[in-house]
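Undergrad: Take a look and give me a structure for this.
(chains A, B, C and D)
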There are 2 protein chains.
Amino acid sequence: MPSRRIADELRERIRRGDYPPGFKLPSERNLAADFSTARNTATAALSILQKEGLVDRKHGSGWYVRTHRPLLRLGSNRYSHALREQTGLSPFRAEVQKQGRTARVDCTSIAPSRPPEVVADRLGVDPDSESVIRRENWYYADDEPVQAGVTYIPLEVAGDSVLATSANMGKGSLYARFKDRGYDLTRVREEICARMPTPEEAERLQMSGGVPVLVVLHTGIDQNNKPFEVTEFVMRADTNALDYNMPIED
Amino acid sequence: MPSRRIADELRERIRRGDYPPGFKLPSERNLAADFSTARNTATAALSILQKEGLVDRKHGSGWYVRTHRPLLRLGSNRYSHALREQTGLSPFRAEVQKQGRTARVDCTSIAPSRPPEVVADRLGVDPDSESVIRRENWYYADDEPVQAGVTYIPLEVAGDSVLATSANMGKGSLYARFKDRGYDLTRVREEICARMPTPEEAERLQMSGGVPVLVVLHTGIDQNNKPFEVTEFVMRADTNALDYNMPIED
DNA sequence: TCAAGCAGCTGGCTCAAGCCAGATGACGTA
DNA sequence: TACGTCATCTGGCTTGAGCCAGCTGCTTGA
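TA: Alright, predicted model coming up:
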């Protein structure tokens, strides 16, 4: 199987470091000649490596060994009261700045909405009416999109506060506003899965082939053990990792 | 672009439910005829959908809409003392049985070993000598492999107990044995990322195309806030999800 | 000196044809 | 009835050809 042979050979060269991150691989036509196959076969070999997330293609330019970007590590401490009060920064901004990069968050829409099934279930609200405020956010590091987050807030929680009306959350950001309204973040539930991005996600997050997304369904729980907010994060897996540190409970 | 057109059309049929989960799609040759293209193009279209994780191929049989398997949800409570004492089952077994499936765990090797860099760092042991016991486990649900786990235990923690010698951990399983030796699991750190599987992982976990893996680097921390065990889990993302519920700490 | 333009690289995608290999079911034989 | 065989489905993979489109750097002319 020529394509496997080529892929195995190239994978080995990458593993050994002959082809370091960022390295430009021989062109498809040259590879084909080197291995005495058709160009299609060389392309197939490279596509195998792309599916494995080892290489990436640039139209008109060539194939490159994927560079391992520094991962953003979003930890459980991102909800810590201390962190929030010390820095005044949102957890995302804090993490990006720590890595010397420039953070940007775009709030692209705020509107009453019908919640998805799971969200309605987690919040205990009506899935069949516009029972929540939906806030959509896009997160950038150095103008590179790295994650999206859609927050759902029950109408009675948001009221007519900035939570329901404004992109600008003011000092202390989102959770400070919840606290203002009597909801103190006490616990979080985070349900995590991974999958390949939809075409829309891949486009909006500027993702290349062979990169999955991490999906985090986050539920914020207050001092009375009641959920008051759900956010679904969709994160590029090549630029995001999660880091939880938590006590064992009985 | 014919292949995109075919992919878009099929994706839409799947989304609408015309092609329900498990449905057998028209053969490549038939698709090509239906859309008046070459067979190659039909194959390309199906491959696009496979990368998105929507369909799957069976050699000699056909292309099928992927069925969404019930996810195993491995929660933060999997380390709970209560759970362990009530059921006497390992967290994995408990979860699988809850779903009415049959669990199996194979311990494929136990041996002294040099730890990988990250592991040595998390444990604070020497990365350049055989400073840990390495235990490799494979986890099955209904004889389908769903995850692998490699546990690293510092030599002085394992001693010559069953931790270093035996696949069979006895009642209460792994963490009961740690507790016997004075290490009481008090906190865990879990670092999570997602990526495409290596060819070896894909083969051993019997994974089909377009499915990523979740990688969890788990560190067990004792009553003195010292790490005593690290496990790297590699889990099929189509059969595993994580469900954490934790308090916010200051 | 500088910039416009073009040649010749690169991948993107398609075609038509062919042979191999796994799966499956009908059919005929024991 | 039970089982093996085989025709004929299915995907797996390769070939070699061709045309389009993005990128890059050299050349040439103002």
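
Undergrad: What are the boundaries of the strands in chain A?
TA: A:55-58, A:62-65, A:72-75, A:103-113, A:132-141, A:144-154, A:187-195, A:213-221, A:227-236, A:240-247 (DSSP state E).

Undergrad: Return the helix or strand in chain A with minimum mean pLDDT.
TA: None of the helices or strands of chain A scores lower by mean pLDDT, DSSP states H and E than helix A:81-87, at a mean of 65.

Undergrad: Domain parsing of chain A, as residue ranges.
TA: Here the domain parsing of chain A from automatic domain parsing is A:2-65, A:72-243.

Undergrad: Ends of the last one, what's the gap?
TA: Spelled out, that is domain A:72-243. Using Cα to Cα, to the nearest Å, the end-to-end distance of domain A:72-243 comes out at 10 Å.

Undergrad: Wondering if that domain reaches DNA strand D at all.
TA: No: Domain A:72-243 does not reach DNA strand D (Cβ under 7 Å from any atom of the strand); its nearest approach is 13.0 Å. Every C-beta, even on glycine, is put in place using the N, C-alpha and C of the backbone.

Undergrad: Equivalent analysis for the first one, please.
TA: Yes: legend: contact between domain A:2-65 and DNA strand D by Cβ under 7 Å from any atom of the strand is shown at A:2-4, A:36-41, A:44, A:58-61.

Undergrad: Show the buried residues in the residues you listed.
TA: Those of these that meet the buried threshold are A:Ser3, A:Thr37, A:Thr41, A:Ala44, by 16 or more other Cβ atoms under 10 Å in any protein chain shown.

Undergrad: between these, which is closest to B:Phe228?
TA: Distance to B:Phe228 across those (Cβ to Cβ) is lowest for A:Ser3, with 46.0 Å.

Undergrad: Kindly provide the distance from that closest one to A:Arg114.
TA: Look at A:Ser3 and A:Arg114: by Cβ to Cβ, to the nearest Å, they are 47 Å apart.

Undergrad: Also A:Asn225?
TA: Plainly put, A:Asn225 is 26 Å away from A:Arg114 if you go by Cβ to Cβ.

Undergrad: So for the two, which residue has more residues nearby?
TA: Ranked by neighbour count (other Cβ atoms under 10 Å in any protein chain shown), A:Asn225 and A:Arg114 place A:Arg114 first, with 16 against 8.

Undergrad: Mind listing what's buried along stretch A:220-239?
TA: Buried-residue list, stretch A:220-239, by 16+ other Cβ under 10 Å: A:220-222, A:227-239.

Undergrad: and the two most separated of the residues you listed?
TA: Among the buried residues of stretch A:220-239, A:Asp222 and A:Asp238 lie farthest apart (Cβ to Cβ), at 34.4 Å.

Undergrad: what comes up buried for the helix of greatest length in chain A?
TA: Taking DSSP state H as the criterion, chain A has its longest helix at helix A:2-16. By neighbour count on 16+ other Cβ under 10 Å, the buried set for helix A:2-16 is A:Ser3, A:Ile6, A:Ala7, A:Leu10, A:Arg11, A:Ile14.

Undergrad: JSON lines please, covering those and showing pLDDT and distance to chain B.
TA: Shown next, in JSON lines, are the buried residues of helix A:2-16 (pLDDT from 0 to 100; distance: Cβ to the nearest Cβ, whole Å):
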{"residue": "A:Ser3", "pLDDT": "95", "distance to chain B": "13"}
{"residue": "A:Ile6", "pLDDT": "97", "distance to chain B": "14"}
{"residue": "A:Ala7", "pLDDT": "97", "distance to chain B": "9"}
{"residue": "A:Leu10", "pLDDT": "97", "distance to chain B": "13"}
{"residue": "A:Arg11", "pLDDT": "96", "distance to chain B": "8"}
{"residue": "A:Ile14", "pLDDT": "95", "distance to chain B": "12"}
